[in-house]
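1. dropping a prediction and its sequence here:
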Amino acid sequence: MSERSDHHESVRVLEKGIDQAHAAIRAVRDDQLTQPTPCEKWDVGQLVAHLALDPANMLDMATGGSPDWSAVPDRVDDPAGTFRAGAEALVAHWQQTDDPADWQIAELAVHTWDVATATGQPVDALDPEVAERGLAFMSQVLKPEMRGDVFAPERTAPDGANAYERIAAFAGRQVG
């Protein structure tokens with residue numbers, strides 16, 4: 001696959017990841033906001049706030065900025081709308097570049113699984129292509145010494161784990 005066609009493929013997969021993350025955010029009910037998540041530092045509301053702000057932060061980073069990833073409010077008004085607006089700008093940016101959007105795909109795959117798992121949404125309905133591409137990227141670049149406070153050490157995915165369970169385990173989540 002040429003670099004250019006791989007770039008187009010990554011943008012296509014990014015758009016899938018955005019659509020399913022948006023759907024996961026929209027499906028969160030108010031009574032679920034204080035529930036725990038596989039991302040142990042955050043409850044559902046904090047995780048949704050992080051995910052809602054992710055596209056804008058990703059765009060800031062992709063254009064040379066230095067977003068403060070730790071500056072996540074406990075809640076965001078209209079998280080689905082905030083996410084969608086940022087995601088549209090992010091996709092527009094990636095359509096104008098030649099670089100693949102694999103880091104963004106990985107981030108969305110992990111956090112979409114986190115939200116779906118924490119709120120009882122059907123993880124099996126998520127498109128495995130997003131998680132597979134995200135995991136391929138993460139396994140190449142996320143070495144143990146680079147995990148810091150953001151990612152726990154890799155865990156073993158259970159036998160027969162789907163693509164989302166494998167990327168979640170790689171990102172240090174307890175799966176199964």
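-> Nice, thanks for sending it over.

2. where in this protein is pLDDT low?
-> When the per-residue scores of the chain are filtered using pLDDT under 70, the ranges that remain are 1-5, 145-150.

3. the residue nearest to the spatial centre of it sits in which helix or strand?
-> With distances taken as CA atoms, centre = their mean, the chain has Leu108 as the residue nearest its mean C-alpha position (1.7 Å). Leu108 is part of helix 102-119 when elements are defined by DSSP states H and E.

4. pull out the buried positions in that helix.
-> Within helix 102-119, the residues that qualify as buried are 102-119, counting by 16 or more other CB atoms under 10 Å. The way it works is simple: take the backbone N, C-alpha and C, and place the C-beta from them, glycine included.

5. can you name the next helix or strand after that helix?
-> Counting by DSSP H and E, the element after helix 102-119 in chain order, helix or strand, is helix 128-141.

6. ok and the helix or strand following that next one relative to helix 102-119, angle-wise?
-> Downstream of helix 128-141, the next assigned helix or strand under DSSP H and E is helix 163-170. For the pair helix 163-170 and helix 102-119, the angle between their directions (axes from the mean of the first three to the mean of the last three CA atoms, to 10 degrees) equals 100 degrees.

7. list the contacts of helix 163-170.
-> 38, 106, 109-110, 112-114, 117, 123, 126, 128-132, 134-135, 138-139, 142, 154-158, 161, 175-176 (CB atoms under 8 Å, 6 or more residues apart in numbering).

8. mark which of the residues you listed are buried, thanks.
-> Buried residues within the contacts of helix 163-170, counting neighbours by 16+ other CB under 10 Å: 38, 106, 109-110, 112-114, 117, 123, 126, 129-132, 134-135, 138, 142, 154, 157, 175.

9. show me what the top helix by length along the chain is packed against.
-> Ordering each helix of the chain by length in residues (DSSP state H) puts helix 3-27 first. Contacts defined by 3 or more CB pairs under 8 Å, 6 or more residues apart in numbering; DSSP states H and E place helix 3-27 against helix 44-62, helix 79-95, helix 102-119, helix 128-141.
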